[in-house]
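Trainee: Pasting a predicted model and its sequence here:
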Amino acid sequence: MTTTTEASDASQHAQASDASQDAQTPESRQQETFRELGARLSNWGRWGVEDERGTANLITAERLVAAGRLIRQGKVFDLGIPVGADGPQGTFRQNPLHVMLETGQGQQIPCGTRYSDDYIVMPLQSSTQWDALAHVYYDDRLYNGFGASSITVKGAARCSIDKQAKGIAGRAVLLDVAALHGVEWLAAGTVITPADLEAAAERQGGVRVGPGDILLVRTGWRRKFLTEHDPGAFLAGEPGLGMGCCEWLKDRDVAAVASDNWAIEVLPGEVPGEFLTVHLVLIRDMGMTLGELLDLEELAADCEADGVWEFFFTAPPLKVTGGVGTPINPLALK
Ligand code: UVW
């Protein structure tokens with residue numbers, strides 16, 4: 001249930017957005033703080049005051065049917081990184097720990113039956129993942145105005161990942177920004193701008209990114225890890241989306257964005273002293289779920305070879321009750 005304060009917060013945010021839109025000029029946009037940008041691009045209230053799915057709502061039945069028609073060649077690409085000890089974590093998150101509970105050895109079961117079982121201990125953010133809409137927030141408000149007190153040690157009562165259980169699946173487009181610039185990977189700190197996204201689309205035959213689409217952005221950062229096997233260098237920074245891309249995504253009504261780096265956004269960020277501001281605007285203000293640590297290498301090579309940069313994409317979240325993220329193994333189907 002939404003409290004009155006929360007509902008009125010959603011509507012105030014929407015009004016602030018309208019007012020701020022009227023006042024914009026190209027010059028003042030460059031000066032915008034992330035709070036102002038967030039207010040201008042806000043989707044609070046757009047799908048109702050109780051909504052916890054955000055831009056996933058843009059994947060309509062009609063768009064899903066059209067996306068299904070993109071499966072023409074029977075090719076399957078799995079975009080998840082291996083879930084195991086050799087992953088890119090090692091600083092504030094650990095790699096998944098996989099432990100065998102049973103190997104079959106020493107079991108005494110009639111008729112000789114033996115079985116193996118296992119379990120896994122992992123941060124939900126340590127492998128290929130979706131961020132839930134409860135993953136980041138500021139000023140004590142989550143997406144759609146829900147209070148930050150809805151996140152406790154028991155999990156997120158609002159905007160948790162299980163609220164996205166019916167998605168995310170639909171038409172996806174890969175934009176290869178590393179290939180656009182002719183490099184194996186972009187350097188850490190490289191800001192991807194709307195002009196880069198436009199130029200990548202142009203280089204890729206003018207592929208269109210439109211309403212309800214899932215956008216995959218390749219920076220080459222996965223290839224860097226596969227080449228160097230250096231979690232420290234992988235996590236020290238990254239190339240990624242700059243703040244300007246938030247408006248580009250909103251203008252196109254993109255449903256979700258995912259990348260081969262660990263935070264989708266450029267790090268260090270564009271404003272010294274600020275951290276994860278693209279996350280804040282996309283997740284908290286626009287209600288957009290972010291996909292991180294995807295392996296886009298095989299898919300990018302195939303798209304380059306056949307010139308087809310659009311496909312059906314599916315990456316169902318685990319229904320972790322109250323979870324603020326989920327491991328996924330996304331599939332791209334052509
Ligand atoms: C943080 O780094 C906090 O989040 P993410 O895994 O979404 O990049």
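Mentor: Everything's here; your move.
Trainee: Stretch 273-280: which residues count as buried?
Mentor: For stretch 273-280, the neighbour count (16 or more other CB atoms under 10 Å) marks Leu276, Thr277, Val278, His279, Leu280 as buried. The way it works is simple: take the backbone N, C-alpha and C, and place the C-beta from them, glycine included.
Trainee: and what of stretch 301-321?
Mentor: For stretch 301-321, the neighbour count (16+ other CB under 10 Å) marks 302-303, 308-317, 320 as buried.
Trainee: So which residues on the stretch 1-150 of the chain come close to the ligand?
Mentor: With CB under 6 Å from any ligand atom as the criterion, the stretch 1-150 of the chain meets the ligand at residues Gln125, Asp131, His135.
Trainee: Using ChimeraX, define a selection of the buried residues within the residues you listed.
Mentor: To isolate the buried members of these in ChimeraX, using 16+ other CB under 10 Å:
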select :125,131,135
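Trainee: Which of the residues of the stretch 1-150 of the chain next to the ligand fall within strands?
Mentor: Asp131 (DSSP state E).
Trainee: Relative to Gln164, which of the residues of the stretch 1-150 of the chain next to the ligand is nearest.
Mentor: Proximity of these to Gln164 (CB to CB) peaks at Asp131, which lies at 10.1 Å.
Trainee: Not including adjacent chain positions, what is the nearest residue to the closest one?
Mentor: Of all residues not flanking Asp131 in the chain, Leu290 sits nearest, at 4.5 Å (CB to CB, 6 or more residues apart in numbering).
Trainee: Leu318 now?
Mentor: Excluding the flanking residues, the one nearest Leu318 by CB to CB, 6+ apart is Thr326, at 4.6 Å.
Trainee: Residue ranges in the stretch 1-150 of the chain under the pLDDT threshold?
Mentor: Residues of the stretch 1-150 of the chain that meet the criterion pLDDT under 70 lie in 1-30.
Trainee: make that the stretch 151-300 of the chain, sorry
Mentor: Along the stretch 151-300 of the chain, segments meeting pLDDT under 70 are nowhere present.
Trainee: Report the closest residue of it relative to the ligand.
Mentor: At 3.3 Å from the ligand, Ala263 is the closest residue in the stretch 151-300 of the chain, using CB to the nearest ligand atom.
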